[in-house]
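Chemist: The following block contains a protein sequence and its predicted model.
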Amino acid sequence: MPEITENPKKSIRKRNGLIRMLIYLRERFDLEEGKEDELETIEYISKNVEFKGANLWILIFAIFVASVGLNVNSTAVIIGAMLISPLMGPIMGIGLAAGINDFELLKRSVRNLLVAVFISILTSTIYFSITPIYGAESELLARTEPTVWDVLIALFGGLAGIIAGSRKEKSNAIPGVAIATALMPPLCTAGYGLATGNLLYFFGAFYLFFINSVFISLSTYLIVRFMGYPKKHFLDRAKEKRVQTYITVFTLLTLIPSIYLAYGIVKKTFWNEQARKFVALEMQFPKTQILTSEYDYSSDKKSITVSLIGEMIKEEEIGILKNKIAALGLTETELIIHQNGSNGTDINVLRNDILKDLYERNEGLIRDKDQKIALLESELSEDAQIRTLSQEVALEAKINHPNLKKFSLGRSIFTDLDKNQTDTLISAYASFQPSAQRTEINKLRDWLKVRTKSDTVALIID
């Protein structure tokens, strides 16, 4: 059977089309277009490394603004503070220095970053030591522990920042990176931890800042190397070799622990997601509800602790749940289940505590409602008495005034417009046929005052 070969012209067209596509994509993603002179970019980043004079005061005021924002739980204020902050300078300077083998710039960047971190934590500690608002709100708590998303934001944000910084026309990307990576709030949270004596908050927040800083520097280093920035050369080759060794050692000492820590963050994030998914999907019972659920992840112990309320779950079902944990990838995870009194809490005591809490919360509302009910009952009682009295008084008035044809008695609200006062008075309506004389009307009014035991009676004559 003859071999079928592809048309040479068709093959050439395909190859040319692929080449054109590659050329088009290369032009689209070319970083050389609009690129600032490399020496200008290096100078631009190097200038923003220093923290002294105005830069330092701006940092201090920005820290105060961010601390207030965290204190009052205002996202808008925190974003504004991050726009003001000049913290990105020395962090990008570290990545640039490592990328171009500039040991002097590296030392200067590290020194200024340490100064900035110290001033930031000191400023926020002072603020949180004197503020009258002590509670840790959601914005502050969100900065006490890093997640895998923080690592990714720092990495991609840093890439965007250095690319934007290398352009002739500077965009708003660098302030955007400062907001996205949130460098300042973790330092303020670390200050809160020191001010309140909560070292877990301090180390967790500082850990988040460290991870963000390292991955922003790593992003800067990668782009600087990728774009081929000129490396610093020395006349003395031995010194150049020594500087390269120092920078390599510094980079490895920074990156290796950071990558290990980031790997731990990734593992913890996935474990937390799987643990919550397990509780949400597998622990659904018709006559039992989950009261609380806690997730504890550490290197030597992983546990899910769930407190249940309602009908007791059988041991066989608990055993099945424990077997399902491994199937979901939650290896070496202990499932701890507390049912009613198994954790020292009796269901009746818990019910009483809930009722007591509800009563205490609504005691003021109940007292107010009781007062309103008492007032309404008093008003209704008086109206009922007047209705009963109205019939009796009408019959008696007819005996005293034979020409009285219509009569009613009730309580009415009268407003004195001159004095702007309102009062509830006894009012009576009377219709005579033939019409009554004034003396007879006055006699009826005086009698009504005595009969109803009122100082004033409003008598309306038809």
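Modeler: Done, it's in. Numbers count the residues shown, from 1 in each chain.
Chemist: I'd assumed residue 305 was in a strand, is it?
Modeler: Yes: per DSSP: H, G, I helix; E, B strand; the rest coil, residue 305 lies within a strand segment.
Chemist: what's in contact with stretch 225-234?
Modeler: With C-beta atoms under 8 Å, 6 or more residues apart in numbering as the test, stretch 225-234 has contacts from 31, 35, 38-39, 41-42, 96, 99-102, 166, 240, 243. Yep, even glycine has a C-beta here, placed from its N, CA and C like the rest.
Chemist: next one: that stretch to chain centre, how far?
Modeler: From the chain centre to the centre of stretch 225-234 is a distance of 43 Å (C-alpha atoms, centre = their mean, to the nearest Å).
Chemist: Check whether residue 184 really touches residue 63, as I assumed.
Modeler: Yes: with contact defined as C-beta atoms under 8 Å, residue 184 counts as touching residue 63 (6.7 Å).
Chemist: list the residues that contact both of these two?
Modeler: Joint contacts of residue 184 and residue 63 (C-beta under 8 Å, 6+ apart) are 81, 85, 120.
Chemist: next SSE after the helix or strand containing residue 18?
Modeler: For residue 18, the element it lies in under DSSP states H and E is helix 8-28. Moving toward the C-terminus from helix 8-28, the next helix or strand (DSSP H and E) is helix 38-47.
Chemist: which of the residues in that following helix are buried?
Modeler: 41, 42, 44, 45, 46 (16 or more other C-beta atoms under 10 Å).
Chemist: Same list (the shared contacts of residue 184 and residue 63) but as JSON lines, adding secondary structure and pLDDT.
Modeler: Formatted as JSON lines, these follow (DSSP: H, G, I helix; E, B strand; the rest coil; pLDDT from 0 to 100):
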{"residue": "81", "secondary structure": "helix", "pLDDT": "78"}
{"residue": "85", "secondary structure": "coil", "pLDDT": "74"}
{"residue": "120", "secondary structure": "helix", "pLDDT": "90"}
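Chemist: Buried subset of these as a PyMOL selection?
Modeler: Remark: buried members of those, expressed as a PyMOL selection using 16+ other C-beta under 10 Å:
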select buried, resi 81+85+120
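Chemist: which of the shared contacts of residue 184 and residue 63 lies closest to residue 287?
Modeler: residue 81 (50.4 Å; C-beta to C-beta).
Chemist: related to what we said a few turns ago, tell me the mean pLDDT over the helix holding residue 18?
Modeler: Taken as a whole, helix 8-28 has a mean pLDDT of 72.
Chemist: Also stretch 395-410?
Modeler: 80.
Chemist: tell me the pLDDT at the closest residue in space to residue 31 that isn't next to it in sequence?
Modeler: Computed as C-beta to C-beta, 6 or more residues apart in numbering, the closest residue to residue 31 that is not its neighbour in sequence is residue 227, at 5.9 Å. At residue 227, the predicted lDDT confidence score is 82.
Chemist: With residue 4 instead?
Modeler: 49.
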